[in-house]
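# Fold the following and give me the result.
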Amino acid sequence: MAARYALLALVLFFPAATTQAAEAGDNAVIIGVTKVSLPDSLPGLCQVNGVISDVLEGNAFRNGQPISLQVPCGTYANPRPLLPAVEGHSPRLLDPNVLRGVKLGGAHLDDAGKLIWAPTQPYGHWGAVWGFRVFEGVPLNQTRAS
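Reported below is the predicted structural model:
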(Lines give C-alpha, C1' and ligand atoms only; values in the text may rest on other atoms or scores of the structure.)
Protein backbone atom coordinates (compact mmCIF):
# COMPACT_ATOMS: atom_id res chain seq x y z
CA MET A 1 0.00 0.00 0.00
CA ALA A 2 2.85 2.40 0.83
CA ALA A 3 4.43 1.67 -2.55
CA ARG A 4 1.17 2.63 -4.26
CA TYR A 5 1.14 6.02 -2.46
CA ALA A 6 4.80 6.58 -3.32
CA LEU A 7 4.08 5.86 -6.98
CA LEU A 8 1.09 8.21 -6.94
CA ALA A 9 3.19 10.98 -5.36
CA LEU A 10 5.92 10.46 -7.98
CA VAL A 11 3.42 10.61 -10.85
CA LEU A 12 1.85 13.79 -9.47
CA PHE A 13 5.20 15.52 -8.80
CA PHE A 14 7.17 14.51 -11.92
CA PRO A 15 5.07 16.40 -14.51
CA ALA A 16 5.34 19.61 -12.47
CA ALA A 17 9.12 19.30 -12.37
CA THR A 18 9.50 18.72 -16.12
CA THR A 19 7.17 21.35 -17.53
CA GLN A 20 9.11 24.51 -16.67
CA ALA A 21 8.76 25.84 -20.22
CA ALA A 22 4.98 25.66 -19.97
CA GLU A 23 4.93 28.32 -17.25
CA ALA A 24 4.06 31.90 -18.16
CA GLY A 25 7.05 33.75 -19.59
CA ASP A 26 8.92 30.64 -20.68
CA ASN A 27 9.67 30.17 -24.36
CA ALA A 28 11.75 27.63 -26.23
CA VAL A 29 12.76 28.36 -29.84
CA ILE A 30 14.98 26.97 -32.58
CA ILE A 31 17.15 29.61 -34.26
CA GLY A 32 18.85 29.58 -37.66
CA VAL A 33 22.00 31.55 -36.77
CA THR A 34 23.10 34.12 -39.35
CA LYS A 35 25.92 35.96 -37.55
CA VAL A 36 27.98 35.74 -34.36
CA SER A 37 30.01 38.71 -33.11
CA LEU A 38 32.63 38.30 -30.39
CA PRO A 39 33.27 40.88 -27.65
CA ASP A 40 36.52 42.86 -27.46
CA SER A 41 37.75 40.66 -24.60
CA LEU A 42 36.87 37.22 -23.30
CA PRO A 43 35.05 36.06 -21.34
CA GLY A 44 32.18 38.27 -22.37
CA LEU A 45 28.87 38.32 -24.16
CA CYS A 46 28.81 37.15 -27.78
CA GLN A 47 26.13 38.64 -30.00
CA VAL A 48 24.20 35.83 -31.72
CA ASN A 49 21.84 36.96 -34.50
CA GLY A 50 19.43 34.77 -36.39
CA VAL A 51 15.88 33.96 -37.38
CA ILE A 52 13.47 31.81 -35.40
CA SER A 53 12.75 28.69 -37.43
CA ASP A 54 10.50 26.93 -34.90
CA VAL A 55 8.70 27.83 -31.68
CA LEU A 56 8.72 24.80 -29.39
CA GLU A 57 6.97 26.48 -26.45
CA GLY A 58 5.52 29.87 -25.54
CA ASN A 59 3.67 32.71 -27.22
CA ALA A 60 6.14 35.62 -27.19
CA PHE A 61 7.96 34.66 -30.42
CA ARG A 62 6.93 33.52 -33.91
CA ASN A 63 8.46 31.63 -36.81
CA GLY A 64 10.45 33.90 -39.15
CA GLN A 65 11.06 36.53 -36.47
CA PRO A 66 14.59 38.00 -36.36
CA ILE A 67 16.26 37.59 -32.96
CA SER A 68 19.43 38.83 -31.30
CA LEU A 69 20.82 37.19 -28.16
CA GLN A 70 23.65 37.98 -25.75
CA VAL A 71 25.30 34.60 -25.11
CA PRO A 72 28.05 34.26 -22.47
CA CYS A 73 31.22 33.09 -24.19
CA GLY A 74 34.82 32.44 -23.30
CA THR A 75 37.07 29.68 -22.10
CA TYR A 76 37.53 28.32 -18.63
CA ALA A 77 41.32 28.82 -18.75
CA ASN A 78 40.98 32.26 -17.13
CA PRO A 79 37.30 32.74 -16.28
CA ARG A 80 35.94 35.74 -14.48
CA PRO A 81 32.37 36.13 -13.24
CA LEU A 82 29.65 37.20 -15.65
CA LEU A 83 26.30 38.63 -14.71
CA PRO A 84 23.56 35.99 -14.65
CA ALA A 85 21.50 35.77 -17.81
CA VAL A 86 18.37 35.73 -15.64
CA GLU A 87 18.45 36.41 -11.92
CA GLY A 88 18.87 33.23 -9.91
CA HIS A 89 20.46 31.15 -12.68
CA SER A 90 24.11 31.34 -13.57
CA PRO A 91 25.14 31.17 -17.25
CA ARG A 92 27.41 28.67 -18.94
CA LEU A 93 30.35 29.93 -20.96
CA LEU A 94 30.23 28.73 -24.56
CA ASP A 95 33.45 28.42 -26.54
CA PRO A 96 33.64 31.38 -28.94
CA ASN A 97 35.05 29.17 -31.73
CA VAL A 98 32.07 26.85 -31.39
CA LEU A 99 29.67 29.80 -31.41
CA ARG A 100 31.27 31.18 -34.60
CA GLY A 101 30.43 27.92 -36.35
CA VAL A 102 26.81 27.62 -35.16
CA LYS A 103 24.22 27.24 -37.89
CA LEU A 104 21.31 26.02 -35.74
CA GLY A 105 20.72 26.55 -32.04
CA GLY A 106 18.03 26.43 -29.43
CA ALA A 107 17.21 29.02 -26.79
CA HIS A 108 15.20 29.03 -23.57
CA LEU A 109 13.97 32.61 -23.23
CA ASP A 110 11.77 34.78 -21.09
CA ASP A 111 9.18 36.98 -22.84
CA ALA A 112 11.73 39.83 -23.12
CA GLY A 113 14.22 37.60 -24.99
CA LYS A 114 16.67 37.05 -22.13
CA LEU A 115 18.21 33.61 -21.77
CA ILE A 116 16.93 31.37 -18.98
CA TRP A 117 19.60 28.99 -17.69
CA ALA A 118 17.26 26.25 -16.52
CA PRO A 119 16.22 23.21 -18.57
CA THR A 120 12.95 22.99 -20.43
CA GLN A 121 11.01 19.80 -20.90
CA PRO A 122 12.46 17.54 -23.62
CA TYR A 123 11.25 18.33 -27.16
CA GLY A 124 11.49 15.16 -29.23
CA HIS A 125 14.83 14.78 -31.02
CA TRP A 126 15.94 18.26 -29.82
CA GLY A 127 15.92 17.22 -26.18
CA ALA A 128 15.84 19.84 -23.43
CA VAL A 129 16.94 23.42 -24.05
CA TRP A 130 18.61 25.63 -21.44
CA GLY A 131 20.12 29.03 -22.08
CA PHE A 132 21.56 28.77 -25.57
CA ARG A 133 22.29 25.30 -26.92
CA VAL A 134 24.20 24.46 -30.09
CA PHE A 135 22.36 21.96 -32.29
CA GLU A 136 24.29 22.18 -35.55
CA GLY A 137 27.60 23.77 -36.45
CA VAL A 138 30.48 23.58 -38.84
CA PRO A 139 33.53 21.40 -38.12
CA LEU A 140 36.32 23.14 -36.26
CA ASN A 141 39.85 23.08 -37.65
CA GLN A 142 41.79 20.85 -35.31
CA THR A 143 45.32 19.62 -35.67
CA ARG A 144 46.34 16.11 -34.73
CA ALA A 145 49.60 15.39 -32.99
CA SER A 146 51.81 13.15 -35.11
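# List the buried residues for the longest strand that the chain contains?
For the chain, the longest strand by residue count, based on DSSP state E, is strand 44-57. By 16 or more other C-beta atoms under 10 Å, the buried positions in strand 44-57 come out as 44-48, 50, 52, 55-57. To be clear about C-beta, it is placed using only N, CA and C from the backbone, and glycine gets the same treatment.
# Of all those residues, the one with the weakest confidence?
pLDDT is lowest at residue 44 among these; the value there is 91.
# The helix or strand following the longest strand of the chain to strand 44-57, inter-axis angle?
Following strand 44-57 in sequence order, the next helix or strand is strand 66-73 (DSSP states H and E). Put simply, strand 66-73 runs at 130 degrees to strand 44-57, going by axes from the mean of the first three to the mean of the last three C-alpha atoms, to 10 degrees.
# for the following helix or strand past strand 66-73, packing partners?
Remark: after strand 66-73, the chain's next helix or strand is helix 96-100, criterion DSSP H and E. On a contact count with 3 or more C-beta pairs under 8 Å, 6 or more residues apart in numbering; DSSP states H and E, helix 96-100 meets strand 44-57, strand 66-73, strand 132-137.
# Would you agree residue 103 is in contact with residue 51?
No. Here residue 103 lies out of contact with residue 51, judged by C-beta atoms under 8 Å, at a distance of 11.8 Å.
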